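[1] Turn this into a model:
(one chain, ligands or ions: 1)
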Amino acid sequence: LFKMACVAAVAFVPSVAAAACDDGEMVIKFSHVTNTDKHPKGIAASLLEERVNAEMNGKACMEVFPNSTLYNDNKVLEAMLQGDVQLAAPSLSKFETFTKQFRIFDLPFMFANVEAVDTFQNSDAGQAMLDSMQKRGLQGLEFWHNGMKQMSASKPLITPADASGLKFRVQPSDVLVAQMEAIGGSPQKMAFSEVYGALQQGVVDGQENTWSNIFGKKFFEVQDGITETNHGIIDYLVVTSVDWLDSLDADVRDQFLTILDEVTQVRNAESTQTNEAAKADIIAAGGEIRQLTDEQRQAWIDAMKPVWTKFEGDVGKENIEAAQKANA
Ligand code: LMR
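    Residues are numbered from 1 along each chain as shown. Here you go, the predicted model:
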């Protein structure tokens, strides 16, 4: 049966070089939406696949499906609850229909940098969030880092007023909708795989993302430029279903979770560097990157930060305080 599942996956997605799964091996399908190289998530997923297939050979076989080739982020969690996919790492902005707790990660200017995100996630409050969707059938396993978000559009963005009247693609998060409305933009929720085409065709004028996503999906080719705002973060939850995790033999589960934890430590430590390299790649490919003075950046903070009050009840005042402490 397991072998059949593996063969079927190869048949449906011929462009993906799936690992050869042997008879009797448990198949772990990992679906994600980004590119594989030069990307914090892509590299981490590939390393996980490599290690599971080497070290758990005979017991388990992992197949990674990147670039939305198996599921978009808006479909993957339902597919997981159906048992059609075992692992995913959607950004924390994509869990809104399961929990409101992750809204803290979308609040603009909440975290100064990825180190602060890491500190907060490793606090008791952050670790408790891994279990926040158990009742809905999902189990968080690890947080994976991407990095700080930048703003891009079809025209230069220097002051928040420049964004007024523009249509912005956002991830499916009401916090991000409120953030774009706060600068006078018209936000539109859209799957990651649709963004390049939407920017190219003018369905939307702009978007926000990390250097690695802007480079990996070539958004810079269809934008006037990117403004280095560092106004928010994109981070991920490596997630599985409670049912699947419970179904594993204890030794298999322990080995898998140990490998996952080691991959997490190694790759999270490299995420900032991976994004810096992607930024350099954008410049080398002719992309325009604009810097803000302290005063100009303050104008973006003043425009966006009032959004916090609207979501204080969802995320909890004590979590906002803990996040702010992590910035110190
Ligand atoms: C996005 O939708 O912009 C990101 O969440 C994509 C990703 O997985 O980094």
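[2] number of nearby residues for residue 110?
    The number of residues packed near residue 110 is 26, by other CB atoms under 10 Å. Quick note: C-beta positions are derived from backbone N, CA and C, even for glycine.
[3] per-residue pLDDT, the spatially closest residue to it that is not a sequence neighbour?
    Of all residues not flanking residue 110 in the chain, residue 323 sits nearest, at 5.4 Å (CB to CB, 6 or more residues apart in numbering). We note a pLDDT of 94 for residue 323 in this prediction.
[4] separation between residue 323 and the ligand?
    20 Å (CB to the nearest ligand atom, to the nearest Å).
[5] I'd like to know how far that residue sits from residue 178.
    Counting by CB to CB, to the nearest Å, the gap from residue 323 to residue 178 is 18 Å.
[6] what's the answer for residue 147, then?
    Distance from residue 147 to residue 178, by CB to CB: 22 Å.
[7] of those two, who's got more company?
    residue 147 (26 against 21).
[8] Surely the more buried one and residue 40 touch.
    Yes - Residue 147 lies in contact with residue 40 (CB atoms under 8 Å); the separation is 7.0 Å.
[9] Mutual contacts of the two, please.
    Contact criterion CB atoms under 8 Å, 6 or more residues apart in numbering; residues shared by residue 147 and residue 40: 212, 271, 274-275.
[10] Now for those residues: which two are most distant?
    Distances among those were taken as CB to CB; the most separated pair is 212 and 271, at 8.4 Å.
[11] Next, the residue nearest to the spatial centre of the chain: phi, psi?
    Centroid-nearest residue in the chain, with CA atoms, centre = their mean: residue 91, separated by 2.8 Å. Backbone torsions of residue 91, given as degrees, to the nearest 10, read phi -60, psi 160.
[12] For it, give the beta-bridge partners.
    Beta-bridge partners recorded for residue 91 (DSSP bridges): residue 236.
[13] Now do the contacts for the residue of the stretch 151-300 of the chain found nearest the ligand.
    Using CB to the nearest ligand atom, the closest approach of the stretch 151-300 of the chain to the ligand is made by residue 192 at 3.4 Å. Counting by CB under 8 Å, 6+ apart, residue 192 touches 33-34, 68, 72-73, 171, 213, 217.
[14] Just the element for residue 226, please.
    strand 225-227 (DSSP states H and E).
[15] Tell me the gap between that strand and the middle of its chain.
    20 Å (CA atoms, centre = their mean, to the nearest Å).
[16] now stretch 297-315
    21 Å.
[17] Likewise for stretch 188-202?
    16 Å.
[18] Now do it: distance from first to last residue.
    Using CA to CA, to the nearest Å, the end-to-end distance of stretch 188-202 comes to 13 Å.
[19] Identify the residues contacting residue 195.
    Contacts of residue 195 by CB under 8 Å, 6+ apart are 169, 204, 207, 217, 219.
[20] Please apply the same query to residue 221.
    So residue 221 contacts 285, 287 (CB under 8 Å, 6+ apart).
[21] just checking, it is part of a strand?
    No - counting by DSSP: H, G, I helix; E, B strand; the rest coil, residue 221 falls outside a strand, being helix.
[22] Need the residues that contact the strand holding residue 226.
    Applying CB under 8 Å, 6+ apart, the set of residues contacting strand 225-227 is 150-153, 156-158, 214, 220, 282, 287-292.
[23] Keep only those of those residues that are in helices.
    Among those, the members falling in helices are 214, 282 (criterion: DSSP state H).
[24] between the contacts of strand 225-227, which is nearest residue 44?
    Using CB to CB, the contacts of strand 225-227 come closest to residue 44 at residue 214, 18.7 Å.
[25] Surely the closest one and residue 220 touch.
    Yes - between residue 214 and residue 220 there is a contact under CB under 8 Å: 5.5 Å.
[26] Residue 61: what secondary structure?
    With three-state DSSP as the criterion, residue 61 reads strand.
[27] excluding its backbone neighbours, what's nearest it?
    Residue 61's closest residue in space is residue 21 (CB to CB, 6+ apart), at 3.8 Å.
[28] Local confidence estimate at that neighbour?
    Residue-level confidence at residue 21 comes out at 85, pLDDT.
[29] Run a quick neighbour tally on it.
    23.
[30] Show the backbone phi and psi for it.
    phi -90, psi 130.
[31] That one and the ligand: what is the separation?
    Distance from residue 21 to the ligand, by CB to the nearest ligand atom: 26 Å.
[32] Tell me where the chain has strands.
    26-31, 60-65, 87-88, 138-148, 150-153, 167-170, 186-189, 206-209, 225-227, 233-241, 289-290 (DSSP state E).
[33] Turn the ones you listed into TSV, columns for mean pLDDT and distance to the ligand.
    Converted to TSV, those look like this (pLDDT from 0 to 100; distance: least, CB to the nearest ligand atom, whole Å):
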stretch	mean pLDDT	distance to the ligand
strand 26-31	97	11
strand 60-65	97	13
strand 87-88	98	10
strand 138-148	98	6
strand 150-153	98	12
strand 167-170	98	8
strand 186-189	98	10
strand 206-209	98	5
strand 225-227	98	14
strand 233-241	98	5
strand 289-290	98	18
